[in-house]
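*Asks:* Have a look at this fold, sequence not included:
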């Protein structure tokens, strides 16, 4: 029990002194409203009883009258009861014993306001002092480690319940009625009461900012204005806006110090450009900022499965000097094991499409994909953002400046520390091409760091997906009048906006996968051997049965038919008659096969399985080449060349294991490392733009260095306050109607069948078989040209950029959600 309160619930000697007890008889008689003869009182005033006997007698009377001690106190303290005014006036008067001791603690332990309501100030005050000490925090003591590891919900609740239980109960009783406390199972007053106590703690000491500092960061990251933050500061919920800016600056400094420590060991470094748009109403004058200001944002990551001995640069440079040419059969074409693995993954995709789309198979569990090289379940990637610089990385020379700024200016490293380091870096194709150009320019420089040899390049899988979807859109778009083309299906599904010049990437990807599922569902209906899929489900097929049928679907619906050799008559002469043709049917097969590559790539990335991605890298290179996306074909060839010819086996495994990241540790939440930096940049652009044109670039640098902390605080405080990430009624959109619409249309037009006299074929143009065309080009010229350019680049004789045969990527990425 707190000091100043009775240690025993039956001991009321601290509240009832002897002076008051002289007249206690009349008080009890008035309360119970019974005849005075029913009460036994001491016969004479001279009778001497101990305090314990007096209290026991008083409690017996209360018990007989079914009156609690609290009822007694409430009745006496009620201002409307004039008869008890004497007791109210004298209850705080010190007893003779207290006067003799000179303490008067009992008299001060319970005081009453003018209105007659109790205020236990000393007990609550001392407990609030304890809570204040637990919540004590200054701007200097707030660290990134605290914000990343602290659970605000449990910490706040434990401090409040342990240190201020009486005050918490008082506030809880004031916040809800007894009926609400018993019957209301949804509304929880605990959060509000905890926050009220933190407000009181801030009023007692402006250093008790454990909650208010975090809540200020939460408000700021959600776009709350400066004036609102100042108003909340006056209410004790936030720190001042000036203190907020100081806190951001100090956190940014500490974050950079953490990154400096990580940079001394194995790490991954990635960067991308960031373009900040200011208001269009900026006054055009000499000193005015540009409407769009460009810079570069870099992030460090801890290396998964990294060993400093395996990340030495010297062995890699030695292998590069003696590396042989990249060969199609040995290095590019998938091996037999890779082809069989990919085929098994496709069969599982085909089965799962049936199980997900057909409600008659709801009792069938989905099939699991075979793991090839998957991230461990529960593994969480750690990232360390750096300050945004004003260097625009859109040229070769500026990429050199970016790398120098990251390691020399921000991370405070020396050339000697970087001479024998191999640093993985995963970027988009254009950034990698500029870095290779910089390496060619710096071939004769003084050390491996200034030659940029320390940077070992890998491609970002997110940008690979972007360019793959863009290339396939270019190949299969067609027109609305061409049956089976993408434009035809877009019109069928009322997705006409996807036919514009800048389609939304995520809408396009979702629509492409819906079209693929519709094609596969129609294939199931054709190949299952039953009149309907419902009848097929009633037959209870086994997993082997489903896999066997899926293999047939892949053969009959996702494998292109190639032109047969010219027939000969019985005379031995070649026939001059044209072979029967069905362009729409052939185009649909090619579309299905290409979209299956997209589906496998996307699902392999989300599951965190790099091995499944590597199985199809050679095929993707051929598809890019056949579609006319020469730059990404060459990017994949560079990676395969390094993987099989240049990097040591141990470093090659490090590159494999760090192309994908997972920050939650949850299954199915992996993402490409370049997608993560896009999310961070989107957060920075949205947040910095919300602060207006008067924000400085230094402030953006502070924000970018703390972006990981700000996102973590946003989640932690939101969780502590019971704010859900999604609404209570949130659910994934149901696209089954679109899928079945595609399936029914294909069945109606019999596009899955070879029909030589199809009337719609007159308006249909054949599409390019990207895989076969890419293989032919790679064998005839692409590989030879690639090997020649690599030799020239290693010798410092120049670097030639590829030219794409399709329009430049032009997606709208504004709808990209944070993950």
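*Replies:* Received it, and whenever you're ready, just let me know what you need. None of these values were measured; they are calculated from a predicted model.
*Asks:* Would you mind listing where the protein has pLDDT under the threshold?
*Replies:* For the chain, residues meeting the criterion pLDDT under 70 lie at 1-47, 91-123, 278-290, 562-581, 687-697, 724-731, 757-762, 814-819.
*Asks:* Would you tell me which helix is longest in it?
*Replies:* helix 583-607 (DSSP state H).
*Asks:* Residue 533 and residue 741: what is the separation?
*Replies:* Distance, residue 533 to residue 741, using Cβ to Cβ, to the nearest Å: 16 Å. (C-beta placed from N, C-alpha, C; glycine too.)
*Asks:* Over to residue 256?
*Replies:* Relative to residue 741, and taking Cβ to Cβ, residue 256 is found at 54 Å.
*Asks:* same deal with residue 172?
*Replies:* 55 Å.
*Asks:* Would you mind telling me which of these two has the busier surroundings?
*Replies:* residue 741 (17 against 14; other Cβ atoms under 10 Å).
*Asks:* tell me what the longest helix of the chain is packed against?
*Replies:* If you count contacts as 3 or more Cβ pairs under 8 Å, 6 or more residues apart in numbering; DSSP states H and E, helix 583-607 packs onto helix 336-357, helix 461-476, helix 505-527, helix 543-557, helix 610-615, helix 617-627, strand 671-672, helix 770-777.
*Asks:* Put together JSON lines for those, with mean neighbour count and distance to residue 139 on each row.
*Replies:* Below are these laid out as JSON lines (neighbours: other Cβ atoms under 10 Å; distance: least, Cβ to Cβ, whole Å):
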{"stretch": "helix 336-357", "mean neighbour count": "18", "distance to residue 139": "52"}
{"stretch": "helix 461-476", "mean neighbour count": "22", "distance to residue 139": "37"}
{"stretch": "helix 505-527", "mean neighbour count": "21", "distance to residue 139": "40"}
{"stretch": "helix 543-557", "mean neighbour count": "17", "distance to residue 139": "60"}
{"stretch": "helix 610-615", "mean neighbour count": "21", "distance to residue 139": "43"}
{"stretch": "helix 617-627", "mean neighbour count": "24", "distance to residue 139": "50"}
{"stretch": "strand 671-672", "mean neighbour count": "21", "distance to residue 139": "34"}
{"stretch": "helix 770-777", "mean neighbour count": "19", "distance to residue 139": "58"}
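*Asks:* which element is the closest residue to residue 800 other than its chain neighbours on?
*Replies:* In space, and not counting its chain neighbours, residue 800 is closest to residue 789: 5.6 Å by Cβ to Cβ, 6 or more residues apart in numbering. Following DSSP states H and E, one finds residue 789 within helix 783-794.
*Asks:* Could you name the helices and strands sitting against that helix?
*Replies:* Checking 3+ Cβ pairs under 8 Å, 6+ apart, helix 783-794 ends up next to helix 429-441, helix 630-641.
*Asks:* first vs last residue of stretch 385-405, how far apart are they?
*Replies:* 14 Å (Cα to Cα, to the nearest Å).
*Asks:* Other residues contacting that stretch?
*Replies:* 252, 255-256, 259, 271-274, 293-300, 406, 410-411, 431, 434-435, 437-438, 441-442, 452, 455, 680, 684, 697, 700-702, 704-708 (Cβ atoms under 8 Å, 6 or more residues apart in numbering).
*Asks:* one more time with 6 Å
*Replies:* 259, 273, 294-299, 410, 434-435, 437-438, 700-701, 704-705, 707-708 (Cβ atoms under 6 Å, 6 or more residues apart in numbering).
*Asks:* For it, buried residues please.
*Replies:* 385-389, 391-393, 396, 398-403, 405 (16 or more other Cβ atoms under 10 Å).
*Asks:* any idea where the strands of the chain begin and end?
*Replies:* 111-112, 118-119, 267-277, 292-302, 383-385, 423-427, 455-459, 660-661, 671-672 (DSSP state E).
*Asks:* Dump those to JSON lines, plus distance to residue 77.
*Replies:* Shown next, in JSON lines, are these (distance: least, Cβ to Cβ, whole Å):
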{"stretch": "strand 111-112", "distance to residue 77": "7"}
{"stretch": "strand 118-119", "distance to residue 77": "7"}
{"stretch": "strand 267-277", "distance to residue 77": "64"}
{"stretch": "strand 292-302", "distance to residue 77": "64"}
{"stretch": "strand 383-385", "distance to residue 77": "60"}
{"stretch": "strand 423-427", "distance to residue 77": "72"}
{"stretch": "strand 455-459", "distance to residue 77": "76"}
{"stretch": "strand 660-661", "distance to residue 77": "64"}
{"stretch": "strand 671-672", "distance to residue 77": "64"}
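*Asks:* between those strands, which gets nearest to residue 465?
*Replies:* strand 671-672 (7.7 Å; Cβ to Cβ).
*Asks:* quick one: strands adjacent to the closest one?
*Replies:* strand 660-661 (antiparallel) (DSSP bridges).
*Asks:* List the contacts of the strand it pairs with.
*Replies:* 381, 608, 610, 670, 673, 676.
*Asks:* Can you name the two of those residues that sit furthest apart?
*Replies:* 610 and 676 (15.4 Å).
*Asks:* Skip the chain neighbours and tell me the closest residue to residue 704.
*Replies:* residue 388 (4.2 Å).
*Asks:* roughly how far apart are that neighbour and residue 680?
*Replies:* With Cβ to Cβ as the criterion, residue 388 and residue 680 are 10 Å apart.
*Asks:* do residue 767 as well
*Replies:* In terms of Cβ to Cβ, residue 767 sits 38 Å off from residue 680.
*Asks:* and stretch 258-268, how far out from the chain's middle?
*Replies:* Distance, stretch centre to chain centre, for stretch 258-268: 23 Å (Cα atoms, centre = their mean, to the nearest Å).
*Asks:* ok, and what's touching that stretch?
*Replies:* 300-301, 303, 306, 308, 311, 384, 386, 411-412, 424, 658.
*Asks:* Redo the residues you listed as a markdown table? Include distance to residue 590.
*Replies:* Listed next are the contacts of stretch 258-268 as a markdown table, based on distance: Cβ to Cβ, whole Å:
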| residue | distance to residue 590 |
| --- | --- |
| 300 | 43 |
| 301 | 38 |
| 303 | 40 |
| 306 | 42 |
| 308 | 48 |
| 311 | 43 |
| 384 | 45 |
| 386 | 45 |
| 411 | 49 |
| 412 | 54 |
| 424 | 36 |
| 658 | 34 |
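*Asks:* Now list the buried members of those residues.
*Replies:* 300-301, 303, 306, 311, 384, 386, 411, 424, 658.
*Asks:* Can you tell me which of these comes closest to residue 200?
*Replies:* When those are compared against residue 200 (criterion: Cβ to Cβ), the nearest one is residue 384, at 37.4 Å.
*Asks:* who's that closest one bridged to?
*Replies:* residue 300.
*Asks:* list the contacts for it?
*Replies:* Contacts of residue 384 by Cβ under 6 Å, 6+ apart are 259, 262, 300.
*Asks:* what's the last one in contact with, if anything?
*Replies:* By Cβ under 6 Å, 6+ apart, the residues touching residue 300 are 259, 262, 267, 269, 384.
*Asks:* Give me the neighbour count for the third one.
*Replies:* Residues contacting residue 267 under the criterion other Cβ under 10 Å number 21.
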